[in-house]
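*Asks:* sequence and predicted structure below; questions after.
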Amino acid sequence: MYATETVTVPTRVIGLISGTSVDGIDAALVEISGGELDLKISLLAGETYAYTPALRKKILDVGGGLAVSMAELAELDDAIAIAFAEAAEKIQIGHQSATLIGSHGQTVYHRPPVSPEISNKIQLGYSLQLGRGAVIAHLTGISTVSNFRVADINIGGHGAPLVSRVDAFLLSDSVEGRCIQNIGGIGNVTYIPPRGGDWLSKIRAWDTGPGNSLLDLAVQHLTDGAKSYDQNGNWAASGVPCYSLVKQWLQEDYFHLPPPKSTGRELFGMTYLHQCLKDAEPYQLNPADLLATLTELTVASIAHSYQTFLPQMPQQVLLCGGGSRNLYLKQRLQLLLPSLAVLTTDEVGLNADFKEAIAFAVLAYWRQMGLPGNLPAATGAPSEMLLGDIQKCG
Ligand SMILES: Nc1ncnc2c1ncn2[C@@H]1O[C@H](COP(=O)(O)OP(=O)(O)OP(=O)(O)O)[C@@H](O)[C@H]1O
Ligand SMILES: CC(=O)N[C@H]1[C@@H]2OC[C@@H](O2)[C@@H](O)[C@@H]1O[C@H](C)C(=O)O
């Protein structure tokens, strides 16, 4: 991989994503300049716009395997695109208009590829993000890049994680080695050695496994849907983890699979939680202990993956995503990784809540400039690719 520097005029770009938590559309209005090594961003506005409860339920049902007709699927695709276009309109209020949108859309299905090392029946991956770019472009009048994962998947990659190339150019440091750890519904990491020499070729990235997905589902289960998550991890903090269960759960095949690898709610979803609840029955855990144990699984799977798959331990872990607001989880991760400083990306100047939305703004900007968006070491693709379809407007 080689990297470019480019003289550019700052471009105003909107990044949009709804992640695996399906908690709403993250929108970031960003001013971007430079190419790769000289990439610069300035976040002008960031907001999360909740889906209507009906739309959220439909997305979770379809993502969870509910059979729908093709007409219903098309209707859902359009409804998501309309919600994304509304988010793009709202985030610009009080600001100069953007000239480009990068929209990740809503993942409703993700199947990693089957590689020759795993089976002789090779199979390309499949990843479906709803919320067509064409509808967003027509409604907003702004050229829209979408469908980011397909080009990487079509040549054998996982199509994820895609934020890693952006992490590399926005969050590398000349002295400290860093792990950028997103804790959304699913967790992912980008390992970045200190800048210099052949640092780019040493970057590694993969999906670490569950982020908040099992925790959120457990909270909903324990409160009969009255609560959707454990704020700041307060409930879990009042419990005690059951280490025998954590040890048993860490035997999950996914945690032992070498990177590149990706996953989703298809694995770490409702069926998985039900199995965890069944495994927990003999221990008669109270709700707080159960949440503490599931939190421990998230942090232990992250720490285990660093110890197993990183070429070298970094000096810092920079957390981002909603899980970075879970103080108990952060504290537990620090205990498991005592030699590293566990911080958030906010502490190095990049908003931890909107990093993914910012990343898709940058990916759209690179697409427009003709620069690649994937990192083969992260996705397993054999080469760098231009990512996303451009839907021009006007
Ligand atoms: N203050 C908080 N305390 C504890 N947990 C929080 C807090 N704020 C957010 N979260 C957790 O973060 C989750 C949302 O995280 P985020 O928006 O990063 O996920 P996502 O982007 O949908 O997922 P992914 O990165 O997998 O696509 C919530 O569902 C909740 O579990
Ligand atoms: C298929 C899909 O949407 N995957 C997400 C998901 O959420 C976290 C993890 O799993 C991740 O790697 C990926 O998203 C981020 C934005 C990425 O591609 O970098």
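*Replies:* Sure, I can see it. Ligands and ions are numbered 1, 2, ... in the order given.

*Asks:* rest of the way, CA atoms for contacts and neighbours
*Replies:* Noted.

*Asks:* how many neighbours does T293 have?
*Replies:* Applying other C-alpha atoms under 10 Å, we find 24 other residues in the vicinity of T293.

*Asks:* mind listing what it touches?
*Replies:* By C-alpha atoms under 8 Å, 6 or more residues apart in numbering, T293 lies in contact with 240-243, 245-246.

*Asks:* swap in Q231?
*Replies:* Applying C-alpha under 8 Å, 6+ apart, the residues contacting Q231 are N326.

*Asks:* okay, and Q181 sits in which element?
*Replies:* If you go by DSSP states H and E, Q181 is part of strand 178-183.

*Asks:* re earlier: going through the contacts of T293, which ones are buried?
*Replies:* Among these, those that count as buried by neighbour count (16 or more other C-alpha atoms under 10 Å) are 240-242, 245-246.

*Asks:* if we can go back for a sec, tell me the one of the contacts of T293 nearest ligand 2?
*Replies:* V246 (21.6 Å; C-alpha to the nearest ligand atom).

*Asks:* wait, K261 sits on R204?
*Replies:* No - K261 lies out of contact with R204 (C-alpha atoms under 8 Å); the separation is 10.9 Å.

*Asks:* in a markdown table: the buried ones among the contacts of T293, plus pLDDT and secondary structure.
*Replies:* Below are the buried ones among the contacts of T293 laid out as a markdown table (pLDDT from 0 to 100; DSSP: H, G, I helix; E, B strand; the rest coil):
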| residue | pLDDT | secondary structure |
| --- | --- | --- |
| V240 | 98 | coil |
| P241 | 98 | coil |
| C242 | 98 | coil |
| L245 | 98 | helix |
| V246 | 98 | helix |
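
*Asks:* now these in JSON lines, with distance to V22?
*Replies:* Below are these laid out as JSON lines (distance: C-alpha to C-alpha, whole Å):
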{"residue": "V240", "distance to V22": "29"}
{"residue": "P241", "distance to V22": "27"}
{"residue": "C242", "distance to V22": "29"}
{"residue": "L245", "distance to V22": "28"}
{"residue": "V246", "distance to V22": "26"}
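
*Asks:* can you tell me which residues in this structure are near ligand 2?
*Replies:* Within the chain, the positions near ligand 2 by C-alpha under 6 Å from any ligand atom are 19-20, 107, 110, 127, 160-163, 186-188, 207, 263-264, 356.

*Asks:* go through those residues and flag which are in strands.
*Replies:* Using DSSP state E, the members of the residues of the chain next to ligand 2 that fall in strands are 107, 110, 127, 186-188, 207.

*Asks:* what does stretch 361-377 contact?
*Replies:* With C-alpha under 8 Å, 6+ apart, stretch 361-377 has contacts from 11, 13-16, 28, 30, 32, 35, 100-103, 144-146, 152, 157, 162, 164-166, 201, 203-205, 260, 381-388, 390.
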